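**Q** pasted the sequence and its predicted model underneath.
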Amino acid sequence: MTLAELDVVFLVWREAPAMLARHHAAVAAALPSGWPGTALLFENGAGERTARAAEALVRSSYPHATRLALRSRRNRGFARAMNLALAQCPGRYVALVNSDGRPAPGMFERLVSVLDEHPDAIWAAPGVHGPGEPGHPPGPPHPEPELPGMALAIRREAFLALGGFDPLFFFYNEDFDASRRIRAAGGKLLRVPSARFDHGKGGRSRRGRLIREFWFAATHQALEVRHAAQPAGALGRLLASRRRALAEHARASDWPGLAGIGLAAAGLPVTTALALGRRRAPWDERRLRAWLARTRPRVQLAELAAAGAVTPAPMGQLTPVPPSPQ
């Protein structure tokens, strides 16, 4: 089996060059020698040090690939960045891999093979191992109701036909929203334990913990209201959950976490209004195309040449996609 139809997307923001070096070494080792796909780097409001290191690593690690960079001056969040990247990639399949993780040899081949074997599968995810991860036990591929976005192989055109990721979810929970939309459209999400991804969660500063807790809580609020059978019931459960979380963080003297969750809870009317708006007008392919048309001119596309030169290139067009799976 060849991986010529697989592209790989790398998202960077403020990662340390040493982390990026470990990540790209593992990705390059997990891909076959001579891999000819597209290595697409999305610089998501990245600092200069991170951007320089990431571009150099993409140039040197994938010598036979088409190497591109999408540069956004501001942080667009995960969902928006991935939609732009997926629309730019030409491959049948696209892999997303967090920069704080390492794919094991054979991971990409196994995920693509499973997607080939299951035409109704839109996403395939490896078994994830590491601190705080479930450490998925061995076994055959099996359906799961939701898959996290830290490591995924995506059937690109079918996913774009469902609208890709919803930009309502700026950071966190965009993967769980997409999982629910995929299943509602009749698509499958497959866990592939024989493909392995080691996820190393680094420590966060106090400010980082506050930001993480805020965005996770805020997007979780939108997720639950957006997909609940009864929004009023979801609001009641969310209020009870926030009270418990605030008490737990106070007992643990986790003041950054407490502040982040408190800010998200204070914004519950806003997240509820946004989620109710999405229920009335769901995110879909038509809205994705309109959003891409507005957003693409604000993002620079450049080719990362082998010698280190950067060649500006025009933004490509979104590949026509088939109807959503039924």
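**A** Perfect, I can see it now.

**Q** what about the strands in the stretch 1-150 of the chain?
**A** Here the stretch 1-150 of the chain has its strands, by DSSP state E, counting those that start in this stretch, at 6-12, 38-44, 66-72, 93-97, 101-103, 121-129, 142-143.

**Q** TSV please, covering these and showing mean neighbour count.
**A** Yep, even glycine has a C-beta here, placed from its N, CA and C like the rest. TSV is the format used below for the strands of the stretch 1-150 of the chain (neighbours: other C-beta atoms under 10 Å):
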stretch	mean neighbour count
strand 6-12	25
strand 38-44	25
strand 66-72	20
strand 93-97	24
strand 101-103	23
strand 121-129	25
strand 142-143	12
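
**Q** so which of these comes closest to residue 290?
**A** For residue 290, the closest of the strands of the stretch 1-150 of the chain is strand 66-72, at 18.6 Å, according to C-beta to C-beta.

**Q** other residues contacting that closest one?
**A** Strand 66-72 is contacted from outside by 36-45, 51, 55, 58-59, 81, 84-85, 88, 298-306, 310, 313, using C-beta atoms under 8 Å, 6 or more residues apart in numbering.

**Q** as TSV, the strands of the stretch 1-150 of the chain with distance to residue 277 and mean pLDDT would be great.
**A** TSV is the format used below for the strands of the stretch 1-150 of the chain (distance: least, C-beta to C-beta, whole Å; pLDDT from 0 to 100):
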stretch	distance to residue 277	mean pLDDT
strand 6-12	27	97
strand 38-44	25	97
strand 66-72	25	97
strand 93-97	27	97
strand 101-103	34	94
strand 121-129	25	96
strand 142-143	30	97
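
**Q** in CSV: the ones you listed, plus distance to residue 249.
**A** Output for the strands of the stretch 1-150 of the chain, formatted as CSV (distance: least, C-beta to C-beta, whole Å):
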stretch, distance to residue 249
strand 6-12, 28
strand 38-44, 28
strand 66-72, 33
strand 93-97, 30
strand 101-103, 27
strand 121-129, 25
strand 142-143, 34
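
**Q** pull the helix or strand with minimum mean pLDDT from this protein.
**A** The least trusted helix or strand in the chain, going by mean pLDDT, DSSP states H and E, turns out to be strand 310-313, with a mean of 48.

**Q** how about stretch 104-123: buried residues?
**A** 104, 107-115, 121-123 (16 or more other C-beta atoms under 10 Å).

**Q** now what about that stretch, what contacts it?
**A** So stretch 104-123 is contacted by 1, 3, 5-6, 8, 29-32, 93, 95, 124-126, 141, 147, 151-155, 158-159, 162, 179, 182, 186-190, 192, 194-198, 325 (C-beta under 8 Å, 6+ apart).

**Q** isn't residue 136 up against residue 191?
**A** Yes. Using C-beta atoms under 8 Å, residue 136 is in contact with residue 191, at 6.5 Å.
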